[in-house]
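only geometry, no sequence info:
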Ligand code: NAI
């Protein structure tokens, strides 16, 4: 179709925004044949910087970019959007307690959930990248009662991609030979990257690795703490890889996952794998035409069970904290 897809990006003047917008505008989401209209939301003090980013977008003369609108009012920017990528969030500043962080982000995602509920297109899909991503998605979802719950997801695709990259490096396989990676739970250090259902060149990944010590003491912590390692090395947090994963997740959601593979997405639980209903938790999912299904029937051994349970317990605690704050 040549009707532009209206894509909202929040926090568009931020670090991730600076990578994300140019890839969206160049056709990385749906290919170079489908025009994209960007709707960029920022807070008022960041609008001037955002104008500069838009000047650069103009200067790229992207054939795919059908238009750009910027602003600080969610009801205007989200009007008629088909896809909303909620990247902007309040970072933890010095002396800020966890409760303060949850309240600050709660206010943002409450307002944005309400605005999406009011003005987004009927087919809207909402992907939350801004942290704490799972709980921010839960807040937005709860504040958008007219949007079906399955239209909300939080980003664990970066963790998924990191896990694929680590496993490829360990086994000497190409990233394209690795299938069925799963991130379970929260996008946080408690996440559980699961190689027991993954495949390397069609063989069970854990068997190919053949080293439980590496899985437990190397692979899992490396993936879970990769964000901190990037900050340590680069002096600021992962941005280009986060933007790339945001696009991977949205593209697969809209266009579908490969028939011999699945992806990781944090979505509202239906109770699968013992994850309490309603929590936004990461699962293995297959996607098709804008919808997703949790992969069923995987055998979960005691090791995986305890890892999934620990991350899900953290999600339940975050939900209880935002419930107490009156945000959901
Ligand atoms: P950044 O601080 O460079 O940019 C955030 C932008 O959001 C700022 O320009 C800020 O003005 C804007 N913003 C704040 N409140 C807003 C609001 N109410 N409406 C619209 N815009 C608003 O941060 P960066 O590096 O771009 O990261 C963005 C978020 O993504 C952070 O929360 C970060 O923790 C998270 N992140 C998530 C990852 C994931 O895998 N889920 C990976 C990496 C980062």
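Yep, it's here. For clarity, every value in this text was computed on a predicted model and none was experimentally measured.

Pull out the buried positions in stretch 271-289.
Within stretch 271-289, the residues that qualify as buried are 272-273, 275, 278-287, counting by 16 or more other Cβ atoms under 10 Å. Just so you know, the C-beta spots here come from the backbone N, C-alpha and C atoms, and that holds for glycine as well.

Let me fix that, I meant to ask about stretch 87-106.
Residues 87, 88, 89, 90, 101, 102, 103, 105, 106 are the ones in stretch 87-106 that count as buried (16+ other Cβ under 10 Å).

Where does the last one fall, secondary structure wise?
For residue 106, the host element (DSSP states H and E) is helix 98-119.

what's the next secondary structure element after that helix?
Counting by DSSP H and E, what follows helix 98-119 is strand 125-128.

circling back: taking the buried residues of stretch 87-106 together, which two end up most distant?
Greatest spacing in those, by Cβ to Cβ: 87 and 103 (19.6 Å).

From residue 236, how far off is the closest residue to the ligand within the stretch 201-328 of the chain?
Closest to the ligand within the stretch 201-328 of the chain is residue 242: 3.6 Å, counting by Cβ to the nearest ligand atom. In this view, residue 242 and residue 236 are 11 Å apart by Cβ to Cβ, to the nearest Å.

So these two - more neighbours on which side?
residue 242 (20 against 9; other Cβ atoms under 10 Å).

contacting residues around the more buried one?
16, 19, 129, 155, 158 (Cβ atoms under 8 Å, 6 or more residues apart in numbering).

dump the residue contacts of the first one.
For residue 16, the contacting residues are 87, 129, 239, 242, 243, 246, by Cβ under 8 Å, 6+ apart.

Tell me if it really is in a helix.
Yes. Looking at residue 16 with DSSP: H, G, I helix; E, B strand; the rest coil, it is inside a helix.

give me the beta-bridge partners of residue 10?
residue 41, residue 86 (DSSP bridges).

Correct me if wrong: it contacts residue 41.
Yes. With contact defined as Cβ atoms under 8 Å, residue 10 counts as touching residue 41 (4.4 Å).

okay, and the common contacts of the two?
residue 88.

Can you check what angle separates the helix or strand where residue 322 lies from helix 98-119?
Using DSSP H and E, residue 322 falls within helix 302-324. If you take axes from the mean of the first three to the mean of the last three Cα atoms, to 10 degrees, helix 302-324 sits at 80 degrees to helix 98-119.

which two from the contacts of residue 242 end up farthest apart in space?
19 and 155 (13.9 Å).

between those two, which one's more packed in?
residue 155 (29 against 19).

quick one: that one and residue 245 touch, right?
Yes. With contact defined as Cβ under 8 Å, residue 155 counts as touching residue 245 (6.3 Å).

Identify the contacts common to those two.
Joint contacts of residue 155 and residue 245 (Cβ under 8 Å, 6+ apart) do not exist.

If you tally nearby residues, what's the number for whatever residue of the chain ends up closest to the ligand?
Nearest to the ligand, among the residues of the chain, is residue 14, at 2.0 Å (Cβ to the nearest ligand atom). Neighbours of residue 14 under the rule other Cβ under 10 Å: 22.

thinking again about what came up before, and the ligand, which of the buried residues of stretch 271-289 reach it?
Subset of the buried residues of stretch 271-289 in contact with the ligand: empty, counting by Cβ under 6 Å from any ligand atom.

taking those residues one by one, which sit in strands?
280, 281, 282, 283, 284, 285, 286, 287 (DSSP state E).

Let me know the closest of these to residue 51.
Closest to residue 51 out of these is residue 280 (33.6 Å), distances taken as Cβ to Cβ.

which residues touch the closest one?
134-135, 137-138, 141, 152-154, 266-269, 315.

want to try a markdown table for the residues you listed, with distance to residue 323 and secondary structure as columns?
Formatted as a markdown table, the contacts of residue 280 follow (distance: Cβ to Cβ, whole Å; DSSP: H, G, I helix; E, B strand; the rest coil):
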| residue | distance to residue 323 | secondary structure |
| --- | --- | --- |
| 134 | 14 | helix |
| 135 | 11 | helix |
| 137 | 15 | helix |
| 138 | 10 | helix |
| 141 | 14 | helix |
| 152 | 17 | strand |
| 153 | 21 | strand |
| 154 | 18 | strand |
| 266 | 18 | strand |
| 267 | 20 | strand |
| 268 | 16 | strand |
| 269 | 16 | coil |
| 315 | 12 | helix |
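
Now that we have those residues, which of them are buried?
By 16+ other Cβ under 10 Å, the contacts of residue 280 give 134-135, 137-138, 141, 152-154, 266-269, 315 as buried.
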